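Trainee: Here is a sequence with its predicted model. Questions after.
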Amino acid sequence: MDTLKKKFQKLATQHRKAFIPYIPFGFPTLSLSRQIIKTLDSCGVDVIELGMPFSDPVADGPIIQKASVTALNRGVTLKLLLENVRQLKKIVSTPIIILTYYNPVYRYGLNRFFTDCAKSGVSGVMVVDLPIEEAKEYVMCARARKIDTIFFVTPTTDTVRAKKIIKMSRGFIYYVSVAGITGPKTIVMKPLLDHLSLMKKISHLPVCVGFGIHSRQQVRTITRQSDGVIVGSAVVDYIERHYRQPDFLKKFSAYIKQFYV
């Protein structure tokens with residue numbers, strides 16, 4: 001199985017930072033979603049963050065909410081997502097991590113979920129609404145199957161709590177750039193870079209930044225202090241606006257590459 005630890009070790013030896021695009025599985029269609037994952041793999045992204053669409057996404061802005069509704073209306077389920085990842089990992093070498101809310105995981109069953117994640121070749125999981133105080137069983141199930149647990153640190157997280165989150169985490173720390181929901185934003189860089197400097201001092205894990213990032217310049221600035229960036233809403237918005245074009249996948253590859261090439 002691809003491991004995030006190996007990926008970040010390789011990036012460090014190459015003096016590179018991770019570029020991690022987010023896409024909701026099943027958007028804009030099931031078949032095109034699979035093609036998008038293959039395209040991301042072939043164009044050289046470092047990790048693929050695959051979202052499980054959810055009906056009540058409290059952290060998601062309107063762009064991802066709309067995409068999630070589209071995917072759910074097409075019949076996407078957690079079982080279908082994992083079955084597709086299992087097939088895709090036969091040809092996709094890029095590590096795949098799953099972003100989800102806890103309700104689908106709870107309904108699926110923790111042991112079954114992580115067993116199927118391991119069978120499918122999933123490298124890590126993020127659960128948006130699972131606090132560390134309630135994550136003991138979740139972490140134990142993940143550790144038993146060597147699945148990384150990626151937790152979130154926000155600008156309002158104090159140092160004491162951040163250290164507890166880091167202790168529960170594997171793979172990397174997801175640092176939320178700004179308070180609020182996802183979506184392209186104007187990010188005030190100085191406080192963000194100051195917070196990242198502190199995180200780098202207390203974290204033994206790589207620190208990657210997400211929420212609001214939508215431009216090449218933001219990526220370049222943030223990766224001065226972080227180990228990687230996650231770009232989600234901007235990628236989803238691009239897909240929504242262009243996927244009907246006959247040469248979409250070629251243009252999509254070029255769009256993704258402009259962030260890091």
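Mentor: That came through, no problem. Everything quoted here is computed from the prediction, not taken from an experiment. Residues are numbered from 1 along each chain as shown.

Trainee: which regions of the stretch 1-150 of the chain sit below the pLDDT cut-off?
Mentor: Scanning the stretch 1-150 of the chain with the threshold set as pLDDT under 70 gives 1-2, 57-61.

Trainee: which residues of it fall in helices?
Mentor: Under the criterion DSSP state H, counting those that start in this stretch, the stretch 1-150 of the chain contains helices at 4-13, 30-42, 62-73, 78-88, 102-108, 110-120, 136-144.

Trainee: buried stuff in the last one?
Mentor: When burial is assessed from 16 or more other CB atoms under 10 Å, helix 136-144 yields the following buried residues: 138-139, 141-142. C-beta: built from backbone N, CA, C; applies to glycine.

Trainee: For beta bridges, what are the partners of Ile173?
Mentor: On the basis of DSSP bridges, Ile173 is bridged to Val207.

Trainee: From Arg241, how far off is it?
Mentor: As for Ile173, its distance to Arg241 is 32 Å (criterion: CB to CB, to the nearest Å).

Trainee: go on, Val219?
Mentor: Separation of Val219 from Arg241 (CB to CB): 20 Å.

Trainee: what's the burial count for the closest residue to Ser93 other than its chain neighbours?
Mentor: Take Ser93 and drop its neighbours on the chain: the residue closest to it by CB to CB, 6 or more residues apart in numbering is Asp41, 6.5 Å away. Neighbour count of Asp41, defined by other CB atoms under 10 Å: 17.

Trainee: Identify the residues contacting Asp41.
Mentor: Asp41 makes contact with 48, 91-94 under the criterion CB atoms under 8 Å, 6 or more residues apart in numbering.

Trainee: can you rerun that using 7 Å?
Mentor: Going by CB atoms under 7 Å, 6 or more residues apart in numbering, Asp41 touches 92-94.

Trainee: Now the buried members of the residues you listed.
Mentor: The buried subset of the contacts of Asp41 - by 16+ other CB under 10 Å - is 92, 94.

Trainee: a markdown table for the contacts of Asp41, including distance to Pro131?
Mentor: As requested, these are exported to a markdown table (distance: CB to CB, whole Å):
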| residue | distance to Pro131 |
| --- | --- |
| Val92 | 32 |
| Ser93 | 33 |
| Thr94 | 29 |
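
Trainee: just the contacts of Asp41 now: which is nearest Thr154?
Mentor: Thr94 (27.0 Å; CB to CB).

Trainee: My understanding was that that closest one contacts Glu49; is that so?
Mentor: No. Counting by CB atoms under 7 Å, Thr94 sits too far from Glu49 to count as a contact (10.6 Å).

Trainee: Let's have the buried residues of helix 136-144 in a markdown table, adding distance to Val160.
Mentor: Listed next are the buried residues of helix 136-144 as a markdown table, based on distance: CB to CB, whole Å:
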| residue | distance to Val160 |
| --- | --- |
| Tyr138 | 22 |
| Val139 | 19 |
| Cys141 | 26 |
| Ala142 | 24 |
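
Trainee: Check these and tell me the two furthest apart.
Mentor: Across the buried residues of helix 136-144, the longest distance by CB to CB is 7.4 Å; it joins Val139 and Cys141.

Trainee: who's in contact with the closest residue in space to Arg170 that isn't next to it in sequence?
Mentor: Spatially, and ignoring its direct neighbours in sequence, Arg170 is nearest to Asp148 (4.0 Å; CB to CB, 6+ apart). Applying CB under 7 Å, 6+ apart, we find Asp148 in contact with 4, 123-124, 170-171.

Trainee: Next step: those residues restricted to strands.
Mentor: Counting by DSSP state E, the contacts of Asp148 place Gly124 in strands.
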